[in-house]
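> curious how this folds, go ahead:
(chains A and B)
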2 protein chains.
Amino acid sequence: RVFAGTHLIIEVMEATGLDCEQRIQDAFRRAATLCGATLLHIHTHKFSPQGVSGVAVLGESHITVHTWPEIGYGAFDVFMCGDAEPWKAVEVFKDAFDTDEVAVRELLRGAELLSGPGA
Amino acid sequence: RVFAGTHLIIEVMEATGLDCEQRIQDAFRRAATLCGATLLHIHTHKFSPQGVSGVAVLGESHITVHTWPEIGYGAFDVFMCGDAEPWKAVEVFKDAFDTDEVAVRELLRGAELLSGPGA
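Residues are numbered from 1 along each chain as shown, chains lettered A, B, ... in the order given. Got it, this is the predicted structure:
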């Protein structure tokens, strides 16, 4: 194999709704479905006074988020292997949190396996 | 703030024990403790015939892993904000899975917040 999976590092800015566990869980479920992934486990944790962390374990890897609602920022990750389409999650997050201000980096996880460590 | 947290992308290669949920949970707990982080939630999922996915939600963000035991590869993430020390997790994983073949990339999450989207 060339690499193990595609990992998107997604910085969501100028967003709303980032303090709501239900909205985050709904976004994770919609993202998993749209990307063609299988949701195995989902958990969110609400911080006081604000902020939410969320994780979804997928058959194809994971979705995570950590939010700073006070500055409208959410640090999302979408890591998917196989035939799933992680880029489709970006549009879900824009829609779910009412923003177009999103910066995405794409990492190919396990690409070192081909060249070998230290190569 | 300059950035929201430090996110380590850790490729663990030539490793053993990557098919064992207990060993992964133990490594996550040791890593959280050594890094000075607070463990809030931990979950692992065993795939058939092989492979484990694991997530730990921390007060400081998260640890995740997806393993391919058949090639000795584990894709670990350690994302920590605040005063926690994520780099200390790298030594824990080397020890827990009997390897020195580890490649680490460090991402500063939310660095876009300073320069602004599109800047």
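
> which residues of chain A score low on pLDDT?
Across chain A, residues meeting the criterion (pLDDT under 70) sit at A:1-2, A:114-119.

> same for the longest helix belonging to chain A, what does it pack against?
Secondary structure assigned by DSSP state H gives helix A:21-35 as the longest helix of chain A. If you count contacts as 3 or more C-beta pairs under 8 Å, 6 or more residues apart in numbering or on different chains; DSSP states H and E, helix A:21-35 packs onto strand A:39-46, strand A:52-58, strand A:61-68, strand A:73-80, helix A:88-96. All C-beta spots, glycine's among them, are computed from the backbone N, C-alpha and C.

> contacting residues for residue A:11?
With C-beta atoms under 8 Å, 6 or more residues apart in numbering or on different chains as the criterion, the residues that contact residue A:11 are A:73-76, A:102-104, B:109-110, B:112-113.

> go again using 6 Å as the cut-off
For residue A:11, the contacting residues are A:103, B:112, by C-beta atoms under 6 Å, 6 or more residues apart in numbering or on different chains.

> show me the beta-bridge partners of it.
residue A:75, residue A:103 (DSSP bridges).

> what about it, distance to residue A:56?
Separation of residue A:11 from residue A:56 (C-beta to C-beta, to the nearest Å): 18 Å.

> just send the helices and strands packed on helix A:21-35 back as a markdown table, with distance to residue A:18 and mean neighbour count too.
Putting these into a markdown table (distance: least, C-beta to C-beta, whole Å; neighbours: other C-beta atoms under 10 Å in any protein chain shown) gives the following:
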| stretch | distance to residue A:18 | mean neighbour count |
| --- | --- | --- |
| strand A:39-46 | 11 | 16 |
| strand A:52-58 | 7 | 24 |
| strand A:61-68 | 4 | 26 |
| strand A:73-80 | 5 | 27 |
| helix A:88-96 | 10 | 19 |
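
> would you turn those into a markdown table with distance to residue B:89?
Compiled in a markdown table, these are given as follows (distance: least, C-beta to C-beta, whole Å):
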| stretch | distance to residue B:89 |
| --- | --- |
| strand A:39-46 | 20 |
| strand A:52-58 | 17 |
| strand A:61-68 | 16 |
| strand A:73-80 | 16 |
| helix A:88-96 | 26 |
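
> secondary structure element for the closest residue to residue A:97 other than its chain neighbours?
Nearest residue to residue A:97, sequence neighbours excluded (C-beta to C-beta, 6 or more residues apart in numbering or on different chains): residue A:15, at 3.8 Å. Secondary structure here is read from DSSP states H and E; on that basis residue A:15 sits in neither a helix nor a strand.

> any idea how far residue A:73 is from residue B:13?
Relative to residue B:13, and taking C-beta to C-beta, residue A:73 is found at 33 Å.

> can you check residue A:109 too?
In this structure, residue A:109 lies at 12 Å from residue B:13, with C-beta to C-beta as the measure.

> with neighbour numbers in mind, choose between those two.
Set side by side, residue A:109 and residue B:13 give different neighbour counts by other C-beta atoms under 10 Å in any protein chain shown, the larger being at residue A:109 (23 against 19).

> interface residues of chain A facing chain B?
Contact residues of chain A with respect to chain B, defined by C-beta under 6 Å from any C-beta of the partner chain, are listed as A:4, A:11, A:13, A:40-41, A:43, A:45, A:53, A:55, A:57, A:61-62, A:64, A:66, A:73, A:75, A:101, A:103, A:109-110, A:112-113, A:117.

> go again using 7 Å as the cut-off
Residues of chain A lying close to chain B (C-beta under 7 Å from any C-beta of the partner chain) are A:4-5, A:9, A:11, A:13, A:40-41, A:43, A:45, A:53, A:55, A:57, A:61-62, A:64, A:66, A:68, A:71, A:73, A:75, A:101, A:103, A:107, A:109-110, A:112-113, A:117.
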